[in-house]
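Engineer: mind folding the following:
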Amino acid sequence: MEIVFFSEGNQHTRFFKPLLDYLIKNKQNKITLITLDETDELIKDSRISRKLVPKNNIEKIKILKNIEADYFITTTPGIGHSYFPKSKIVPSNRRPKYVYIFHSLVSPNEMYLKNSFKNYDLIFAPSEKIKTQLSDLVSKNTKILVSGYFLFDSQSSHQNTIGNSKNILIAPTWGNDGLITNLDKLEALSILHAQHKYQLTIRPHPMTFLDKILIRKLEKFNLDTSNEVKNFGIYDFLITDFSGIALEFYFFTRKPTLFIESNKKIKRKIKKAELKLSLIENEMQEIIGSKFKIDKDYNKYVYPTIFDSEKADSFIETFQSKKSSVKYVGEFLLEN
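Structural biologist: The predicted model follows:
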């Protein structure tokens with residue numbers, strides 16, 4: 001079996017690497033890696049038969065249009081767009097089936113571009129709720145299976161790691177209108193929590209590092225450049241806006257999030273039929289933490305609260321619907 005993995009870089013590689021490891025371990029599959037990041041950690045992996053690092057967008061498109069494989073697996077949405085084309089190789093039965101793996105737990109409706117999921121043959125959804133929310137966003141030929149969330153598979157809980165540490169993690173969404181670009185609000189948060197003897201650390205979204213000017217401005221703060229969840233336990237709580245990192249933080253620590261009132265990154269206007277949906281990134285703000293209006297509630301919600309821990313636990317456990325998400329997906333691909 002020939003399998004292609006496509007990655008934008010290390011921030012995406014970490015989500016599918018457990019599946020890549022499983023497929024190599026359980027069958028002698030021929031693996032090709034296409035990565036847009038020349039520092040991608042998988043480039044050094046000797047088990048991968050072929051590694052391709054396009055030098056520019058033209059080369060990337062040429063490679064993608066000439067893919068021949070059984071499966072093309074990625075965490076990047078938008079396959080079929082001009083910037084992310086499908087294989088044109090002939091005959092057509094030599095073209096791969098396109099598989100999407102989620103790298104975030106937010107709903108797929110507002111925070112993704114139009115037709116982000118339409119052209120995939122197979123999508124592994126982290127939960128039944130996301131599967132339902134995808135139903136109007138895919139083609140009639142797209143198969144959606146509930147797999148759980150890869151990141152929750154191989155990691156252990158860190159909820160008992162260093163309590164009352166007086167450390168706070170700020171990890172906002174990526175985008176021009178989000179909290180990460182509002183230096184005045186970040187400064188206000190830093191001053192506010194310093195008064196309560198808290199040390200703030202800012203973890204920019206990996207894509208934020210592409211904005212070198214913004215990163216230089218952020219260097220006045222204590223920065224965490226890691227993408228890992230291993231150090232979540234050293235923080236008392238998380239501050240974010242609509243980022244799905246809040247769900248990961250709660251899963252691993254059972255600690256709350258302070259949700260800053262901010263402009264939501266809306267990439268697509270939802271249809272009338274979708275208005276009835278309860279979007280995860282909105283719902284989580286009522287379940288696993290507290291909302292905070294930085295201009296008004298300076299002292300009211302300094303420490304966020306989870307009012308119903310059973311409800312919060314039930315909410316997060318819907319994303320771990322399989323004992324082993326990786327095994328479930330791996331077995332499905334090998335048997336089909």
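Engineer: tell me the domain ranges of the protein?
Structural biologist: 2-149+321-335, 167-317 (automatic domain parsing).
Engineer: surely L122 touches V138?
Structural biologist: No. Using CB atoms under 8 Å, L122 is not in contact with V138, being 10.2 Å away. Where you see a C-beta, it was placed from the backbone N, CA and C, and this is true even at glycine.
Engineer: which neighbours do those two have in common?
Structural biologist: Common contacts of L122 and V138 (CB atoms under 8 Å, 6 or more residues apart in numbering): I144.
Engineer: what separates F249 from Q320, distance-wise?
Structural biologist: 15 Å (CB to CB, to the nearest Å).
Engineer: correction: F16
Structural biologist: 18 Å.
Engineer: of these two, which one has the most company?
Structural biologist: F16 (23 against 15; other CB atoms under 10 Å).
Engineer: hmm, back to that, can you lay out the domains of the chain as CSV showing mean pLDDT?
Structural biologist: Below are these laid out as CSV (pLDDT from 0 to 100):
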stretch, mean pLDDT
domain 2-149+321-335, 93
domain 167-317, 84
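Engineer: show me where this protein has strands.
Structural biologist: Using DSSP state E, the strands of the chain run over 2-7, 30-35, 50-52, 71-74, 97-101, 122-125, 143-146, 167-170, 199-202, 237-240, 257-260, 289-292.
Engineer: export the ones you listed as a markdown table, with columns for distance to S226.
Structural biologist: Formatted as a markdown table, these follow (distance: least, CB to CB, whole Å):
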| stretch | distance to S226 |
| --- | --- |
| strand 2-7 | 18 |
| strand 30-35 | 19 |
| strand 50-52 | 24 |
| strand 71-74 | 23 |
| strand 97-101 | 21 |
| strand 122-125 | 26 |
| strand 143-146 | 29 |
| strand 167-170 | 10 |
| strand 199-202 | 10 |
| strand 237-240 | 14 |
| strand 257-260 | 18 |
| strand 289-292 | 22 |
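Engineer: any chance of those strands in TSV, plus mean neighbour count and distance to T225?
Structural biologist: Below are the strands of the chain laid out as TSV (neighbours: other CB atoms under 10 Å; distance: least, CB to CB, whole Å):
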stretch	mean neighbour count	distance to T225
strand 2-7	23	18
strand 30-35	20	19
strand 50-52	14	24
strand 71-74	23	24
strand 97-101	23	24
strand 122-125	24	29
strand 143-146	16	33
strand 167-170	21	13
strand 199-202	18	10
strand 237-240	24	17
strand 257-260	25	21
strand 289-292	20	24
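Engineer: off-centre distance for stretch 183-194?
Structural biologist: On the basis of CA atoms, centre = their mean, to the nearest Å, stretch 183-194 sits 26 Å off its chain's mean C-alpha point.
Engineer: what comes up buried for it?
Structural biologist: Neighbour-count burial for stretch 183-194, counted by 16 or more other CB atoms under 10 Å, picks out 185-186, 189-190, 192-193.
Engineer: check stretch 77-90 too.
Structural biologist: 77-79, 84-87.
Engineer: for V99, what are its contacts?
Structural biologist: When contacts are counted by CB under 8 Å, 6+ apart, V99 touches 71-74, 120-124, 333.
Engineer: which helix runs longest in this structure?
Structural biologist: Identified as the longest helix of the chain according to DSSP state H is helix 10-26.
Engineer: tell me the angle it makes with strand 30-35.
Structural biologist: 180 degrees (axes from the mean of the first three to the mean of the last three CA atoms, to 10 degrees).
Engineer: other SSEs contacting helix 10-26?
Structural biologist: Secondary-structure packing of helix 10-26 (3 or more CB pairs under 8 Å, 6 or more residues apart in numbering; DSSP states H and E): strand 2-7, strand 30-35, strand 71-74, strand 97-101, helix 325-335.
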